[in-house]
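In: what follows is a predicted protein model with its sequence.
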Amino acid sequence: MIQVTITYHCRVCGSTNIVRNGTNKCGNQQYHCKDCGAYRVLEPKRVHTEDEKETIMRTYKERASMRGLERIFNIARQAVARWIRDIVRALPNLKDTLLPARADDVLELNELWSFVLKKSRKRWLWTAICRRTRQIVAFVIGDRSEKTCRRLWNKIPDEYKKCLTFSDFWEAYQKVFPKGTHHCVGKESGETAHMERWYNTLRQRLARFVRKTLSFSKSDAFHHMVTKWYIAEYNLAISLTM
């Protein structure tokens, strides 16, 4: 029989005077150092390079779930969540990602159903897209009430508020958007086709917006964070090509 003895050292002070100290919420064994008092994971997962991080983030934006990334890349989903938070903190304001508005620009409006944690906790993504640039001018997440629609109107930059706008016949739009420039139309008119088509792209990229999915948001904060990340990078990509 061959036996291998492994000696673990404290990752803070290097001491061997450590004892087991339960597991963290991911099920990883932790230790407590009797010399320096540190609490750490006994066998931390390996450090990923910047190139690996970029690959993992690209995979995440192609409809992969957190747990899927955990299985594929052997990385804790808490680490992925931390990377996403850092990325979103560094993003510019949505207004700063937009191309300059023109007097003849047209906005298309629509809302997309989603949920957080469970399907009874409905969340609606309201968006306004510029027909010329295909950029998302403004977005909000909330319920499907007039109050949330007014938040969308307030988020639209001033230079776009004079544009013609088109939406479906949902009554909240009629109460909030100016009657002189707003038009309610049916889907058959094609006046909101670009907005509806963009939702197909969103569903293809982020699984949390798919109608039947196991990849859903666990919190409102993260739901908003990932949505903002995708929209900001989408707008910036268009700005670089025009």
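Out: Done, it's in.

In: now do the SS call for residue 115.
Out: Here residue 115 is recorded as strand under DSSP: H, G, I helix; E, B strand; the rest coil.

In: what sits against it?
Out: 121-123, 216-217 (C-beta atoms under 8 Å, 6 or more residues apart in numbering). In this view, the C-beta of every residue, glycine as well, is placed from N, C-alpha and C.

In: just the buried members of these?
Out: The neighbour-count test (16 or more other C-beta atoms under 10 Å) marks 123, 216-217 as buried among the contacts of residue 115.

In: and which of these is nearest to residue 186?
Out: Ranked by distance to residue 186 (C-beta to C-beta), these are led by residue 123 at 25.3 Å.

In: thought residue 80 was touching residue 56?
Out: Yes: the criterion here is C-beta atoms under 8 Å, and residue 80 meets it with residue 56 at 6.7 Å.

In: rewinding a little: need the buried ones among the contacts of residue 115 in TSV (columns: pLDDT).
Out: Formatted as TSV, those follow (pLDDT from 0 to 100):
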residue	pLDDT
123	95
216	85
217	88
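
In: let's have those residues in TSV, adding secondary structure and distance to residue 115.
Out: TSV is the format used below for the buried ones among the contacts of residue 115 (DSSP: H, G, I helix; E, B strand; the rest coil; distance: C-beta to C-beta, whole Å):
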residue	secondary structure	distance to residue 115
123	strand	6
216	coil	6
217	strand	8
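
In: by contact count, what packs against the biggest helix by length in the chain?
Out: Taking DSSP state H as the criterion, the chain has its longest helix at helix 220-241. For helix 220-241, the packing partners by 3 or more C-beta pairs under 8 Å, 6 or more residues apart in numbering; DSSP states H and E come out as helix 77-89, strand 106-116, strand 118-130, strand 136-142.

In: quick one: the last one to helix 220-241, angle?
Out: Calculated by axes from the mean of the first three to the mean of the last three C-alpha atoms, to 10 degrees, strand 136-142 forms an angle of 170 degrees with helix 220-241.
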